[in-house]
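A.B. asks: predicted coordinates and the sequence they were generated for:
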Amino acid sequence: MNKRLVLAAILVAYGIPVLAQATAKGVAESNLRIASFIHTMSTKSPSLTSDRTLDLADIEGSMYYNEYFTQAKIYYSGKPFQSILARYNAYTDEIEIKRDDQETAEALLKDVKVSCEVNGERLVYSEYLDKKGNLENGYLVKVFSGKKYNLYQKKSKSFKEGQQPKTSLHLPTPDKFVDRSEFYVALDSQTPKFLPDSKKKLSTVFDEDKVGVLKTYVKRNEIDLGKKEDLQRLLRYAETVSTEGKGV
């Protein structure tokens, strides 16, 4: 199968009209319907609790950390597949794609075998356990890779509805997209687990026999558990901690 047909299977067009265009260009419809490769662009949009009309242009901030499509590379089963223009929609948790011959955005298939390197970050689709212990699926970026531990960062955007002033003495607050960042730790090949930003809760991620020495390291080195660089230092140290709870 040539690259164009494989890419058509990995990517899914944004809406029926684009799918029709792709078919008209000679991409077999059967290839677009391969069950394991079909993915629909998210229709998730900000919603209001009031009756106001919401205009995306009036929302402060952006769904994206980088709004521009930049050169990216798609990987399949860990191997480079194709270079393409892409951007990450942190609100809908989608990787949006643009091919040279199309103006409309497409969505990259959400599959554990398909990843994308964009803006210097490798986005992998993975299961993870959120702060409530629920099993979720989404894009993570591996920011530390060790023999025992892997550290992942999930950057997302949430929508915060603005507030109308209660009195003439107050000003309205705008609707806005808010940056969010969470970290997840995976032991060996286990499912990444939410890492709380409190040293009192390190036991939810690390083995009990290592928690004591790790807490000491956090305190002594003023580790900020919400900062990527500090967490990378902590994980490098955790790699040296023995099963007896002794660090090198």
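C.D. replies: That came in fine, so what should we check first?

A.B. asks: going forward, measure contacts between C-alpha atoms and count neighbours the same way
C.D. replies: Fine.

A.B. asks: have a look at the protein and report its longest helix.
C.D. replies: Across the chain, the longest stretch assigned as helix under DSSP state H is helix 208-220.

A.B. asks: and the helices in the chain, which stretches?
C.D. replies: For the chain, the helices defined by DSSP H occupy 3-10, 16-24, 29-32, 208-220, 228-238.

A.B. asks: just the buried residues of the fourth one, please?
C.D. replies: For helix 208-220, a neighbour-count test (16 or more other Cα atoms under 10 Å) marks 210-215, 217-218 as buried.

A.B. asks: mind saving the C-alpha coords of that helix as PDB?
C.D. replies: The C-alpha trace of helix 208-220 is given here as PDB (Å, rounded to 0.1, in the frame of the first residue of the first chain):
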ATOM      1  CA  GLU A 208       6.200   2.900  50.600                       C
ATOM      2  CA  ASP A 209       9.800   1.800  51.200                       C
ATOM      3  CA  LYS A 210      11.000   4.700  49.000                       C
ATOM      4  CA  VAL A 211       8.700   7.500  50.100                       C
ATOM      5  CA  GLY A 212      10.600   8.600  53.200                       C
ATOM      6  CA  VAL A 213      13.900   9.200  51.400                       C
ATOM      7  CA  LEU A 214      12.100  10.900  48.500                       C
ATOM      8  CA  LYS A 215      10.300  13.200  50.800                       C
ATOM      9  CA  THR A 216      13.600  14.100  52.400                       C
ATOM     10  CA  TYR A 217      15.100  14.800  49.000                       C
ATOM     11  CA  VAL A 218      12.200  17.000  48.100                       C
ATOM     12  CA  LYS A 219      12.500  19.100  51.300                       C
ATOM     13  CA  ARG A 220      16.300  19.300  51.200                       C
END
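
A.B. asks: packing partners of that helix?
C.D. replies: helix 228-238 (3 or more Cα pairs under 8 Å, 6 or more residues apart in numbering; DSSP states H and E).

A.B. asks: tell me what the helix it packs on is packed against?
C.D. replies: strand 135-145, strand 149-160, helix 208-220.

A.B. asks: looking at these, which is closest to residue 73?
C.D. replies: Closest to residue 73 of the helices and strands packed on helix 228-238, according to Cα to Cα: strand 135-145, at 14.6 Å.

A.B. asks: what comes up buried for the closest one?
C.D. replies: 137-144.

A.B. asks: show me the one of the helices and strands packed on helix 228-238 that comes nearest residue 67.
C.D. replies: Going by Cα to Cα, the one of the helices and strands packed on helix 228-238 nearest residue 67 is strand 149-160, 13.0 Å.

A.B. asks: out of the helices and strands packed on helix 228-238, the one nearest residue 123 is which?
C.D. replies: It is, among the helices and strands packed on helix 228-238 and with distance given as Cα to Cα, strand 135-145, at 5.0 Å.

A.B. asks: one step back: now the helices and strands packed on helix 228-238 in CSV, with distance to residue 190 and mean pLDDT?
C.D. replies: Output for the helices and strands packed on helix 228-238, formatted as CSV (distance: least, Cα to Cα, whole Å; pLDDT from 0 to 100):
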stretch, distance to residue 190, mean pLDDT
strand 135-145, 12, 96
strand 149-160, 9, 94
helix 208-220, 17, 94
